[in-house]
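S.K.: Sequence plus predicted model, see below.
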Amino acid sequence: MTTHVFQFPCLKDNYGALIHDSGSGRTAAIDAPDGEAVAAAAKGQGWRLTDLLITHHHADHTQGIAAVRQAFPGLRVVGPANEAARIGGLDLEVREDDFVTMGAMTARVIETPGHTAGEISYVFDEDEIAFTGDTLFSLGCGRVFETPMAVMWNSLVKLASLPGETQVYCGHEYTESNARFALTIEPGNADLVARAEAVKALRAQGRPTLPTTIALELATNPFLRAEIPAVQKAVGLAGADPAQVFAEIRRRKDSF
């Protein structure tokens, strides 16, 4: 039995993702930004969708639910209990530390509010794979719309505690612009400089920059580095609470 992940672009800058258990044939899609694109991706792989795992209520992650249901009768739609009323039609509502089993695959639910008040991430611990929606991006994080800044910081700390080898799939291809911003915070970070060049080359070739890893994000993503003295100094908050430092970095990114 083997777990496979297939990632595909859709809409303007979204990513869809499928995760497939070859033993049981169970296949889950992560979010439904474009129902027709999700269905086409599954059929192109020769996989039948059995599950749809929703991270949060925003339309560019949920607007395709009805189309995916129509394409795959019997589909189970899973999503955050704290946003069930805003999403509608969930078959299974999940919370922190719930588990979603699909054949040999098991997703652990982590509540990661910040971008929205009830966003969740799905972590396949055995496979060292995480789907973080719009909470953690490659070299960035989601805008904070519905909670205090400290709530998003706490969510990022949760994700940062995952094993460094964990492959991270997120909802959008934002890495190149995130790299440009990250360099305004840590222009002397050699790992970041090298990564920014690699990202630029990938995008010039039309290639994705995802997945990333937790280890790579810890080394280069300023939003995960609010405890680092050099980062604190760069934003004029040496010795400050990391949540305060994070909030300042996020505010700067919002106007970048």
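M.R.: Nice, thanks for sending it over.

S.K.: show me what contacts residue 191?
M.R.: 219, 220 (CB atoms under 8 Å, 6 or more residues apart in numbering). To be clear about C-beta, it is placed using only N, CA and C from the backbone, and glycine gets the same treatment.

S.K.: Show the pLDDT at it.
M.R.: Looking at residue 191, its pLDDT reads 98.

S.K.: Tell me how far it lies from residue 219.
M.R.: 5 Å (CB to CB, to the nearest Å).

S.K.: now do residue 91
M.R.: 39 Å.

S.K.: Equivalent analysis for residue 140, please.
M.R.: Residue 140 sits 14 Å away from residue 219, taking CB to CB as the criterion.

S.K.: Of those two, give the one with the bigger neighbour count.
M.R.: Per other CB atoms under 10 Å, whichever of residue 140 and residue 219 has more neighbours is residue 140, with 25 against 16.

S.K.: my guess is that one meets residue 220, correct?
M.R.: No - Residue 140 is beyond contact range of residue 220, at 10.5 Å (criterion: CB atoms under 8 Å).

S.K.: Now the common contact residues for those two.
M.R.: residue 182.

S.K.: for residue 29, helix, strand, or coil?
M.R.: Recorded secondary structure, residue 29: strand (DSSP: H, G, I helix; E, B strand; the rest coil).

S.K.: number of nearby residues for it?
M.R.: Counted with other CB under 10 Å, residue 29 comes out at 29.

S.K.: Kindly report the same for residue 148.
M.R.: 13.

S.K.: got it, and the one 3 residues further on?
M.R.: For residue 151, the tally of surrounding residues (other CB under 10 Å) stands at 17.

S.K.: for it, what are its contacts?
M.R.: 113, 114, 144.

S.K.: The same query, at a cut-off of 7 Å, please.
M.R.: 113, 114 (CB atoms under 7 Å, 6 or more residues apart in numbering).

S.K.: Which strand or helix spans it?
M.R.: Using DSSP states H and E, residue 151 maps to helix 149-160.

S.K.: So which bits of that helix are buried?
M.R.: 149, 150, 151, 152, 153, 154, 155, 156, 158, 159, 160 (16 or more other CB atoms under 10 Å).

S.K.: For it, output the C-alpha coordinates as CSV.
M.R.: C-alpha atoms of helix 149-160 as CSV (Å, rounded to 0.1, in the frame of the first residue of the first chain):
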residue,chain,number,x,y,z
MET,A,149,-2.9,38.3,15.5
ALA,A,150,-1.8,36.2,18.4
VAL,A,151,-4.3,33.5,17.5
MET,A,152,-2.6,33.1,14.1
TRP,A,153,0.8,33.1,15.7
ASN,A,154,-0.3,30.2,18.0
SER,A,155,-1.5,28.3,15.0
LEU,A,156,1.8,28.7,13.2
VAL,A,157,3.6,27.5,16.4
LYS,A,158,1.5,24.3,16.2
LEU,A,159,2.4,23.7,12.6
ALA,A,160,6.1,24.5,13.3
